[in-house]
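Q: Please work out how this folds:
(chains A and B)
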Amino acid sequence: MKRVVVGLSGGVDSSVAAYVLKEQGYDVVGLFMKNWHDTTGVLHGDCPFDDDYNFAQMVARKLNIPFEMVDLSEQYRKRVVDYMFDEYSRGRTPNPDVLCNREIKFDEFVKAALKLDADFVATGHYCRKDSIDVNGKTVYRLLAGVDPNKDQSYFLCQLNQEQLTKALFPIGDVIKPEVRRIATELGLATAQRKDSQGICFVGKVDLPVFLQQKLQAKVGNIIEIPKDFTKTNNRVNSDMLKDIASEYRYNPLDGKKVGTHQGAHFYTIGQRKGLNIGGTPEPLFVLAIDVDKNIVYVGQGQDHPGLYRSGLFIPKEDIHWIRPDMALQIGKAKDYQIRIRYRQPLQMGKLNRVDEGMYITFDQPQRGIASGQFAAWYLDDELIGSGVIA
RNA sequence: UGACCUAUGGUGUAAUGGCAGCACAGCAGAUUUUGGUUCUGUUAGUCUAGGUUCGAGUCCUGGUAGGUCAA
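A: Numbers count the residues shown, from 1 in each chain, chains lettered A, B, ... in the order given. Predicted structure coming up:
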């Protein structure tokens, strides 16, 4: 009998995942990860971590499976939280949950599971895996979950073949309401628990407060860029990949000062809340930040041209193929469906592999392309590859 | 130290003398395993002292503050 170690988080998804595995005849072990125990900046709720542990334990008892706990706090801090601080300090917008999966759940956690003699490791992600034969070699495919509303494949966009080999996603072909129904039917304590939100393991935080643990607050200017500012408008007609894919760079003379902020690195492109500037007919959105000069550039209205770009660039060292056998050769281009954030409907676009990296161009301009976030490319249901936006 | 104009939530603006409204910001909730977006709800105002009127943000007089023109 094959042994599966399932990451029990104390939520309903991993609870049902454990149940499904058991039904499938696996020798199932529940393993709870303790990755964080600081509440700085955490909104409402004093200490959710103990709660999670207790719920996970209750579920394990109910399912009659062994239950273990592993503390990966040290690794999580080093490999996810430090990366977060570092990215924000450079004026970028990291995605800690993608890193959490690559570095913790499908690395450190797997190591812990192997110590428990695991053959496979399972999670409660809404995604699927299958395998095909390519030139006599088994290749694993990462597929979207069948629930279009909950598909979480995006968060796994940095996994590699080795990691997929050991992975099982028991609830990928079930829709969320069905998961809730199963949990309710089984009388699992987690059946009605609210879905988790915010940074995985840390929780819903007030980001500026959280970041101020490491990043200094410092007052700077907010500059409003007019809607008809030509530098942003000209871009739309450009043919040069490099031009289309690069960020808009402004300088203070391109607009006028409309207020002050507490630190440019606390903001991200597309952001509306937190500027504290009123009196405009339309809301202000962040168009760009300059952490060196400590300036936040804003523009008025959802349709401000500075909010949209038709392309992005990924440096070659940040290109990742879940399917290495499909890696695009230098000089080649190919159409893909792409998303640049969780739950975004897939967008039509083209990958252009050049010597220095990958340019992605979109058929429709995209709102709020943020450096540090991940672009993930799909062919229908299958996640093929991903990369960090420069 | 002459004339004129203006004054309404935190900000920008509406209201034939008849229930002070809208937008933005803020706050709260919903949505969301990243940031962000979006949706819903909500706090908060007539510069000041008098007067006219059944009734004043609105009309009259003084004050205060800001602005424009004239020098």
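Q: What lies in contact with stretch A:296-308?
A: A:220-227, A:229, A:232-233, A:235-236, A:248, A:250, A:254-255, A:258, A:261, A:264, A:267, A:269-270, A:275, A:277, A:280-290, A:365-368 (Cβ atoms under 8 Å, 6 or more residues apart in numbering). Where you see a C-beta, it was placed from the backbone N, CA and C, and this is true even at glycine.
Q: which of the residues you listed are buried?
A: Applying a neighbour-count criterion of 16 or more other Cβ atoms under 10 Å, the buried members of those are A:220-225, A:229, A:232, A:235, A:248, A:250, A:254-255, A:258, A:261, A:264, A:267, A:269-270, A:275, A:284-290, A:365-368.
Q: Spell out which parts of the stretch 151-300 of chain A neighbour RNA strand B.
A: For the stretch 151-300 of chain A, the residues found near RNA strand B under the criterion Cβ under 7 Å from any atom of the strand are A:152, A:155, A:194-200, A:204-205, A:207, A:268-285.
Q: residue ranges of the strands in the stretch 51-200 of chain A, please?
A: The residue ranges that make up the strands of the stretch 51-200 of chain A, judged by DSSP state E, counting those that start in this stretch, are A:67-71, A:120-122, A:127-134, A:137-144, A:167-168.
Q: element containing residue A:287, please.
A: Assigned by DSSP states H and E, residue A:287 belongs to strand A:284-290.
Q: Report the angle between the helix or strand that that strand is followed by and strand A:284-290.
A: Downstream of strand A:284-290, the first helix or strand assigned by DSSP H and E is strand A:295-300. Orientation note: strand A:295-300 sits at an angle of 150 degrees relative to strand A:284-290 (axes from the mean of the first three to the mean of the last three Cα atoms, to 10 degrees).
Q: so where's the stretch 101-250 of chain A shaky on pLDDT?
A: Scanning the stretch 101-250 of chain A with the threshold set as pLDDT under 70 gives A:231-239.
Q: try 90 this time
A: Within the stretch 101-250 of chain A, the ranges that satisfy pLDDT under 90 run A:188, A:190-206, A:209-210, A:212-214, A:216, A:227-247, A:249.
Q: Show me the helices in it, by range?
A: Read by DSSP state H, counting those that start in this stretch, the stretch 101-250 of chain A holds these helices, from start to end of the chain: A:109-115, A:161-166, A:176-186, A:207-211, A:230-234, A:241-245.
Q: re the thing from before, and the strands of the stretch 51-200 of chain A: which comes nearest residue A:385?
A: Using Cβ to Cβ as the measure, strand A:137-144 is the one of the strands of the stretch 51-200 of chain A that comes nearest residue A:385, at 10.1 Å.
Q: Give me the packing partners of that closest one, helices and strands only.
A: Using 3 or more Cβ pairs under 8 Å, 6 or more residues apart in numbering; DSSP states H and E as the contact definition, the elements that strand A:137-144 packs against are strand A:127-134, helix A:161-166, strand A:382-388.
Q: Pull up the pairing partners for that strand, direction included.
A: strand A:127-134 (antiparallel), strand A:382-388 (antiparallel) (DSSP bridges).
Q: That strand near RNA strand B at all?
A: No: applying Cβ under 7 Å from any atom of the strand, one finds strand A:137-144 separated from RNA strand B by no less than 12.4 Å.
Q: Can you list the buried residues in that strand?
A: When neighbours are counted by 16+ other Cβ under 10 Å, the buried residues of strand A:137-144 are found to be A:139-144.
Q: picking up where we left off before, who's in contact with the strand holding residue A:287?
A: Here strand A:284-290 makes contact (Cβ under 8 Å, 6+ apart) with A:91, A:224-225, A:247-250, A:258, A:264-265, A:267-272, A:275, A:277, A:295-302, A:304, A:306-307.
Q: Extract the C-alpha set from that strand and format it as CSV.
A: Coordinates of each C-alpha in strand A:284-290 appear next as CSV, following Å, rounded to 0.1, in the frame of the first residue of the first chain:
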residue,chain,number,x,y,z
LEU,A,284,-6.6,58.0,-8.4
PHE,A,285,-4.6,54.8,-9.1
VAL,A,286,-0.9,54.2,-8.7
LEU,A,287,0.8,54.2,-12.2
ALA,A,288,4.4,53.7,-11.1
ILE,A,289,6.7,54.0,-8.1
ASP,A,290,10.2,55.1,-8.0
